[in-house]
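A.B. asks: Attaching a predicted model along with its sequence, questions to come.
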Amino acid sequence: MSSTFRPRPGDLIEIQRSVYAHWAIYVGEGYVVHVAPPSELAGAGLSSIMSALTERAIVKKELLSEVAGTDHYEVNNKYDDRYLPLPITKVVKHALELVGKEIPYSLTSKNCEHFVTELRYGIPLCEQVCAQPS
């Protein structure tokens with residue numbers, strides 16, 4: 001199920017999977033950029049928990065509707081009250097430049113939330129599994 005409002009470029013998108021949240025960054029025209037294991041299919045849901053077992057990920061640009069599948073998603077720029085977002089044009093440009101690249105992945109230090117928050121704020125943040133910088 002999708003959110004009842006439209007995301008804007010640069011927004012963080014939180015997709016609720018069964019046991020965790022998957023994160024992406026909205027880049028416009030229905031597309032998001034996110035990281036996933038090279039073999040993961042869009043909308044993989046619970047099977048994408050396998051992403052925790054990989055050390056590499058691919059930066060992908062895919063339709064938000066396909067990445068979310070039947071899972072609920074919402075805009076969640078939850079760190080905006082603590083960190084100033086980078087200029088949106090710079091965020092989107094950088095995200096698109098990374099598409100297709102293979103990057104290091106770690107559930108605890110370089111996961112999908114770290115990836116999108118570093119794009120938006122210039123700082124990798126993740127409350128799911130990590131303590132935050134003060």
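C.D. replies: Received it, and whenever you're ready, just let me know what you need. Numbers count the residues shown, from 1 in each chain.

A.B. asks: The closest residue to Asn76 other than its chain neighbours - how many residues pack around it?
C.D. replies: When the adjacent residues along the chain are set aside, Asn76 lies closest to Glu14, with 4.1 Å between them (CB to CB, 6 or more residues apart in numbering). Yep, even glycine has a C-beta here, placed from its N, CA and C like the rest. Glu14 is flanked by 18 other residues according to other CB atoms under 10 Å.

A.B. asks: Verify the contact between Leu64 and Pro7 for me.
C.D. replies: Yes: Leu64 is within contact range of Pro7, at 7.3 Å (criterion: CB atoms under 8 Å).

A.B. asks: what about the chain, any weak spots by pLDDT?
C.D. replies: 1-4, 39-54, 129-134 (pLDDT under 70).

A.B. asks: what about 80?
C.D. replies: Confidence mapping of the chain against pLDDT under 80 gives the ranges 1-5, 37-54, 107, 128-134.

A.B. asks: In space, not sequence, find me the middle residue of it.
C.D. replies: Closest to where the C-alpha atoms of the chain average out (CA atoms, centre = their mean) is Ala24, at 2.3 Å.

A.B. asks: Got phi/psi on it?
C.D. replies: Backbone torsions of Ala24, given as degrees, to the nearest 10, read phi -140, psi 170.

A.B. asks: check contacts around it.
C.D. replies: By CB atoms under 8 Å, 6 or more residues apart in numbering, the contact set of Ala24 is Leu12, Ile13, Ile15, Val32, Val33, His34, Leu64, Val67, Cys112, Val116.
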